[in-house]
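Chemist: could you work out the structure for the sequence below:
(one chain, ligands or ions: 1)
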Amino acid sequence: MAPEALGDAVRGAAAMGWAGFNCSIPHKVTVIDHLDELAESARIIGAVNCVVRRDGCWVGENTDGQGFLMSLRTVADPARMHVVVLGAGGAARAIAVETALAGAAAITIVNRNRDRGAALAELVETATPATAAYVPWTGPYRIPADAGILVNATSVGLYPDGGALPDLDLSTLRPALTVADVIPNPPATALLQAATTAGCTTLDGLGMLVEQARIGIRHWTGLTPDATVMRDTLAALFTPH
Ligand code: NDP
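Modeler: A predicted model of the protein is given here:
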């Protein structure tokens, strides 16, 4: 869909009585111009991936970060933790803001592009209760000893480059660390395999994908679909045979 047609599309959705819709790249930011309200995290993140009709108004939500948090909480609570986020794109923005709003004490943003990385650290620092710092990604990154959660929110490892590893000093992976990857395809990324070998707790990107979808469906229908059915179906699609 052409960006200039977005307003007509949103008005069309209202005319047809839609309960809401999902919104993906490249419309996650520009769709905001056509909405009536934003939920708190969507306002801070500055992007909407899920639009919900409430009392005749279009409300923008960002369910990427919420989905990540739901998935993360099955293995670790970010409250009072030092969370290291690799990347500063859309997924990293949503995850950094949402984990900070969930009570993380400190967020470190590690990114190659300085402007994007520094801007995300500044956003977290000013818009959430967490402290935040940007670390330029200039060589194998050494995970700080006090980090509790490491999140790969880059596109490194996404199919068809499933064997690619983020540039990390793998000797700094420790059993006390939870390592999460946003990459849903393949679910068992090279990073998660290395983390498993090092004794870390791991979390794949399928959980985030499933949970953000379940949150959206709950917003639109009031019903929460079965996570196991969704996860098994995606795993069958994404796992090499
Ligand atoms: P963006 O294009 O917005 O951001 C990409 C990020 O990856 C940037 O920070 C970029 O760094 C970094 N990056 C890319 N290549 C490298 C590399 N070789 N080394 C280091 N950093 C690199 O993408 P999104 O944030 O939208 O998506 C990122 C990933 O998250 C995708 O693979 C997507 O599939 C996944 N995702 C998963 C979801 C889920 O539900 N599981 C939901 C949303 C996204 P720089 O700024 O320096 O260029």
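
Chemist: which one is Gly103 nearest to, not counting chain neighbours?
Modeler: Leaving aside its sequence neighbours, Gly103 sits nearest to Ala79 (C-beta to C-beta, 6 or more residues apart in numbering; 3.7 Å). All C-beta spots, glycine's among them, are computed from the backbone N, C-alpha and C.

Chemist: next up, the contacts around the one you found.
Modeler: With contact set as C-beta atoms under 8 Å, 6 or more residues apart in numbering, Ala79 has these partners: Ala102, Gly103, Ala104.

Chemist: does the first one touch Phe68 like I think?
Modeler: So the one you mean is Ala102. No - contact status for Ala102 versus Phe68: not in contact, 10.0 Å apart, counting by C-beta atoms under 8 Å.

Chemist: same drill for those two, tell me which one is more crowded.
Modeler: For the pair Ala102 and Phe68, the greater number of neighbours falls to Phe68 (28 against 20), based on other C-beta atoms under 10 Å.

Chemist: just confirm Ser71 is within a helix.
Modeler: Yes - the assignment for Ser71 by DSSP: H, G, I helix; E, B strand; the rest coil puts it in a helix.

Chemist: what's the pLDDT at it?
Modeler: With respect to pLDDT, Ser71 has a value of 98.

Chemist: the chain should start at 554 in everything you say after this.
Modeler: Yep, numbering from 554; the last one is Ser624 now.

Chemist: show me the contacts for the closest residue to the ligand within the chain.
Modeler: Nearest to the ligand, among the residues of the chain, is Gly642, at 1.9 Å (C-beta to the nearest ligand atom). Contacts for Gly642 (C-beta under 8 Å, 6+ apart) come out as Arg669, Ala706, Thr707, Ser708.

Chemist: could you point out the longest helix of this structure?
Modeler: helix 758-774 (DSSP state H).

Chemist: chain center to it, what's the gap?
Modeler: Chain-centre distance of helix 758-774: 12 Å, with C-alpha atoms, centre = their mean, to the nearest Å.

Chemist: please identify the buried residues of that helix?
Modeler: Neighbour counts over helix 758-774 (16 or more other C-beta atoms under 10 Å) mark 758-770, 772-773 as buried.

Chemist: next: stretch 615-627.
Modeler: Asn615, Thr616, Asp617, Gly618, Gln619, Gly620, Phe621, Leu622, Met623, Ser624, Leu625.
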